[in-house]
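[1] this one's sequence-less:
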């Protein structure tokens, strides 16, 4: 984390300098603006992830509305995938989550005892996060806590963004004949008991519906959820309880002979845990609400399934009954098929507003945040004039395909979890079907299976062989390095912040130490001075040289064999109003720890390579160090000249 660039400021460095006029704020209070750039409906994970990104751009006006009268306190999602933890690192609160959360290190599997089928017994233990899958753990923490951390980022950002509670979208219309705030949104005030009150109107350039499965925003643009229901009731409860069950502090998948299945998730704090309990089959035309099920039904079912063990519940912190449904919308924006060449999107949906599935794979919150982490930087690029608005078509193209994969995989997982013993296509294998499926799905449940297809912002994998462990279209896989200027050991991926910047990681060849006749020096000379350089073309005159494209160099030599003063000028840039030197652009292999990023990520040792990474941490391109025209061509297809 860097600060003090433009002068010393005492206090918490996470609290950025305000870009708002305090006198104007005092006069307006929490008044509803007439116009905004982006209106976000819903303060769930998707909405807050988007708001936290946009709050960092003083030139973008953002409004987020929520029908509840305050932030969430408990319940709902709790699983945080390793991919989401990597994203939280970019927002600056991954370490807080790691300190507070339960870490899922192992998953145990229980099934009926062959000698006593009415009893369960442990049949397997699996490592939950594969070796070197990520530097981050799989964690469990209250969704409300994640909300609060996003709210803190928003409140401490230059725009001091805070939600407007007690407001929801009632309707919206789009005037396709104008580019001046073409979306008119009717908002209605919501009373404490949920009743609708008076309405007000706001005009927006863009609207993002993060307002759940019954999304008003989705309905307003003609979107529908398509899919089916499994007609199976499940109960979920967060409880404080005593039990003779030995694996209460490990994630457990439990299958009984006749009473159904349980998923146990230990929660943060050392005592709380969550249980997903299979209840009753529903009739084809029946909804779960007609059964009038309560927390007592969940507890009773849990005790039947876990025989010979018992659970003595002391406190039910939160509980809910739900039925599994797998549904997906056709498109995640307002532009229908056949119209993409004629107009650009103005309204988007994200999270449960466009895809729903079972909670047992732990993907709902994670995929929802992935939606808006994808959309946020694109909206920022468009609204700050960096790119053409046609870039926004890529949101639906990328995320709808990933949501389809999610729904299909989760549908299979839910079916396998719910099938009685002997009634699944995976029965008869050497290990229980749900253990086998769990192990095969580790990349998916870790949030790491996302793979974007070639487009204007994802290149074709022509040079993939030069970095076999950094797959184009997948997330940038971090690894340990040593920072040259101060010998700090760190994760290379942790230099990324959720600030809308692109990164170019330049991996030097075998004999290159930054000297004048080496490939690294020639690359930096091109990027720093050539008129065709994307850094020169697209960085604005009043900006620091890394304001849009941040260049980092990695060398193979030992720390003692490199000299910072020999590095090209681009890797020692002067920044800010004082022209202060940035010492944090150059890294080398961490020979002391033995973790070699070149070997770990399949980097071509002889020639090196360039790894271009998008603002949402996905690899966009891999090129040779001397592919100057290819670098220019790629960024020319994305940015507008400054």
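    All right, it came through fine. Everything numeric in this text was worked out from a predicted model, so none of it was measured.

[2] what about the strands in the stretch 351-500 of the chain?
    355-356, 480-483, 489-491 (DSSP state E, counting those that start in this stretch).

[3] Under the pLDDT cut-off, which ranges of the stretch 351-500 of the chain? List them.
    Within the stretch 351-500 of the chain, the ranges that satisfy pLDDT under 70 run 358-362, 413-434.

[4] Go again with 50.
    By pLDDT under 50, the weakly predicted segments of the stretch 351-500 of the chain are 425-427.

[5] swap in the chain?
    In the chain the weaker segments, taking pLDDT under 50 as the threshold, are 425-427.

[6] Which strand or helix spans residue 207?
    strand 196-209 (DSSP states H and E).

[7] The strand or helix carrying residue 236 pairs with which strands, parallel or anti?
    Here residue 236 is covered by strand 226-243, with elements defined by DSSP H and E. Counting by DSSP bridges, the strands paired with strand 226-243 are strand 273-281 (antiparallel), strand 311-328 (antiparallel).

[8] quick one: which of the ones you listed is nearest residue 64?
    strand 311-328 (24.3 Å; C-beta to C-beta). The way it works is simple: take the backbone N, C-alpha and C, and place the C-beta from them, glycine included.

[9] surely residue 167 meets residue 67?
    Yes: with contacts counted by C-beta atoms under 8 Å, residue 167 reaches residue 67, the gap being 6.8 Å.

[10] Need the strands of the stretch 351-500 of the chain in a markdown table (columns: mean neighbour count and distance to residue 63).
    Shown next, in a markdown table, are these (neighbours: other C-beta atoms under 10 Å; distance: least, C-beta to C-beta, whole Å):
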| stretch | mean neighbour count | distance to residue 63 |
| --- | --- | --- |
| strand 355-356 | 26 | 25 |
| strand 480-483 | 22 | 39 |
| strand 489-491 | 15 | 35 |
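
[11] Now tabulate those in TSV and tack on distance to residue 578.
    Converted to TSV, the strands of the stretch 351-500 of the chain look like this (distance: least, C-beta to C-beta, whole Å):
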stretch	distance to residue 578
strand 355-356	48
strand 480-483	22
strand 489-491	25
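
[12] coming back round to it: so how far is the helix or strand that comes right after the strand holding residue 207 off the chain centroid?
    Using DSSP H and E, the helix or strand that follows strand 196-209 in sequence is helix 216-220. Between the centre of helix 216-220 and the centre of its chain there are 23 Å (C-alpha atoms, centre = their mean, to the nearest Å).

[13] What of stretch 195-215?
    23 Å.

[14] in what helix or strand does the spatially closest residue to residue 533 that is not a sequence neighbour lie?
    The shortest distance from residue 533 to any non-neighbouring residue, by C-beta to C-beta, 6 or more residues apart in numbering, is to residue 527 (4.8 Å). Using DSSP H and E, residue 527 maps to helix 519-529.

[15] which helices and strands sit right next to that helix?
    strand 502-507, helix 534-538, strand 549-555, helix 628-636 (3 or more C-beta pairs under 8 Å, 6 or more residues apart in numbering; DSSP states H and E).

[16] As CSV, those with distance to residue 186 would be great.
    Shown next, in CSV, are the helices and strands packed on helix 519-529 (distance: least, C-beta to C-beta, whole Å):
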stretch, distance to residue 186
strand 502-507, 37
helix 534-538, 38
strand 549-555, 41
helix 628-636, 40
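
[17] any chance of the ones you listed in a markdown table, with mean neighbour count and distance to residue 59 too?
    Output for the helices and strands packed on helix 519-529, formatted as a markdown table (neighbours: other C-beta under 10 Å; distance: least, C-beta to C-beta, whole Å):
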| stretch | mean neighbour count | distance to residue 59 |
| --- | --- | --- |
| strand 502-507 | 25 | 19 |
| helix 534-538 | 20 | 17 |
| strand 549-555 | 23 | 19 |
| helix 628-636 | 17 | 22 |
